[in-house]
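S.K.: Show me how the following folds:
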Amino acid sequence: MTYDLSRQLKSRVNSTLLYVLVAVICIYSFSPIIWLILTSLKADPQVHAVPVEYLPSPPTLEQYFAVFRRAPFHLFIFNSVFISAAATVVCVGVATLAAYPLARLRIRGKNVLLVGFLLISTFPLISMMVPLFEIFRELGMLNQRITLILPYAIFSLPISIWILTAFFREIPSALEDSARIDGCSSLGALVRVVFPLSAPGVATASMMAFINSWNEFTLAFSLITDRVRFTLPVGITLLRDQYAMPWGLISAGISIAIIPLVFLIVVFQKTLITGLTKGAVKG
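M.R.: Next comes the predicted model:
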């Protein structure tokens, strides 16, 4: 009896320590975002107050209104949404056509090929910046949205292929055989059977491609010089002054950029976790 009580007490202590550890990690991880949003809700005198005032009193949206007066943020938001969505569609479409044969056909060395895709995804973007700039300049494609759509789709392609290949392997090939008996071609079976059944994997690949495109700064800053075609990360740099840093404005601009991503992750967290874990375990 004493042994059982001791064992239960030890289990409860371990569970409590685990919850405390998780809580500390969450607070540590989210504290910069919380501080950023709180700063964006303060008036300028409160932002620069000494000693520091941690909570806005009263909260105000003046910094957000000032952001749109300072720069054409409505254009930056549109550019980011359009470029990220287009890059995601291109990336997932190409990744689907590449992942399907890797999952279904007996290709010699395809595991090595998949590992190679992952290695390619580790290349830093800055190493590609000069060649891409020269290519697009020669083609006369600088300062166009497609200048960013194509590289963004390509850079998200390896991890998308990896995720979709893992999901396509899990779908019984008998379903495709039945579709072919009913008159579907291989492409028709992919579109009508395999693709819908791989919805968690498609959603995960789409979210990762969208987030990568939304957050990217280096290429957008280098390949686009026309102000009306800036994306949000580049547009935020227009908020700084020559001799001062308006932290309230910058915090509001960054909040505008990150809040949609936080919303997407919160809403689709189960799908995202399912897609990532299945890709990790079954890939």
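S.K.: okay, which residue is most central for the protein?
M.R.: Closest residue to the average C-alpha location of the chain: Ile211 at 1.9 Å, with CA atoms, centre = their mean.
S.K.: From what I see, that one and Leu261 are in contact.
M.R.: Yes: using CB atoms under 8 Å, Ile211 makes contact with Leu261 at a distance of 6.0 Å. No exception for glycine: its C-beta is placed from N, CA and C like everyone else's.
S.K.: remind me, longest helix of this protein?
M.R.: For the chain, the longest helix by residue count, based on DSSP state H, is helix 2-40.
S.K.: Who are the packing partners of the following helix or strand past that helix?
M.R.: On the C-terminal side of helix 2-40, the closest following helix or strand by DSSP states H and E is helix 44-47. Helix 44-47 sits against helix 247-267, with contacts defined as 3 or more CB pairs under 8 Å, 6 or more residues apart in numbering; DSSP states H and E.
S.K.: Count the neighbours of the closest residue to Leu36 other than its chain neighbours for me.
M.R.: Closest residue to Leu36 apart from its sequence neighbours, by CB to CB, 6 or more residues apart in numbering: Ser251 at 5.1 Å. Ser251 has 23 neighbours, counted by other CB atoms under 10 Å.
S.K.: I'd guessed Ser251 sits against Gln63; true?
M.R.: Yes: the pair Ser251 and Gln63 qualifies as a contact (CB under 8 Å) at a distance of 6.9 Å.
S.K.: what sits in contact with each of those two?
M.R.: Ser40 (CB atoms under 8 Å, 6 or more residues apart in numbering).
S.K.: Which secondary structure elements does the longest helix of the chain sit against?
M.R.: Counting by 3+ CB pairs under 8 Å, 6+ apart, helix 2-40 packs on helix 247-267.
S.K.: What mean pLDDT does the helix it packs on get?
M.R.: Predicted confidence along helix 247-267 averages 85 (mean pLDDT).
S.K.: quick one: contacts of that helix?
M.R.: 33, 36-37, 39-40, 42-44, 47-48, 63-64, 66-67, 70, 73, 77, 80, 207, 210-211, 214-215, 232-233, 235-236, 239-240, 272.
S.K.: Drop the exposed ones from the residues you listed and show what's left.
M.R.: In terms of neighbour count (16 or more other CB atoms under 10 Å), the buried residues within the contacts of helix 247-267 are 36-37, 39-40, 42-43, 47, 63-64, 66-67, 73, 77, 80, 207, 210-211, 214-215, 232-233, 235-236, 239, 272.
S.K.: rewinding a little: the host helix or strand of the residue nearest to the centre of the chain: which residues count as buried?
M.R.: Following DSSP H and E, one finds Ile211 within helix 199-215. Of the residues in helix 199-215, 200-215 count as buried by neighbour count, 16+ other CB under 10 Å.
S.K.: cool, and stretch 56-75?
M.R.: For stretch 56-75, by 16+ other CB under 10 Å, it's 56, 60, 62-64, 66-67, 71-73, 75.
S.K.: what do you get for stretch 143-158?
M.R.: 145, 147-158.
S.K.: average pLDDT across it?
M.R.: Mean predicted confidence for stretch 143-158 is 89.
S.K.: Report the distance from that stretch to the chain centre.
M.R.: What separates the centre of stretch 143-158 from the centre of its chain is 14 Å, taken as CA atoms, centre = their mean, to the nearest Å.
S.K.: Likewise for stretch 127-141?
M.R.: So, by CA atoms, centre = their mean, the centroid of stretch 127-141 is 24 Å from its chain's centroid.
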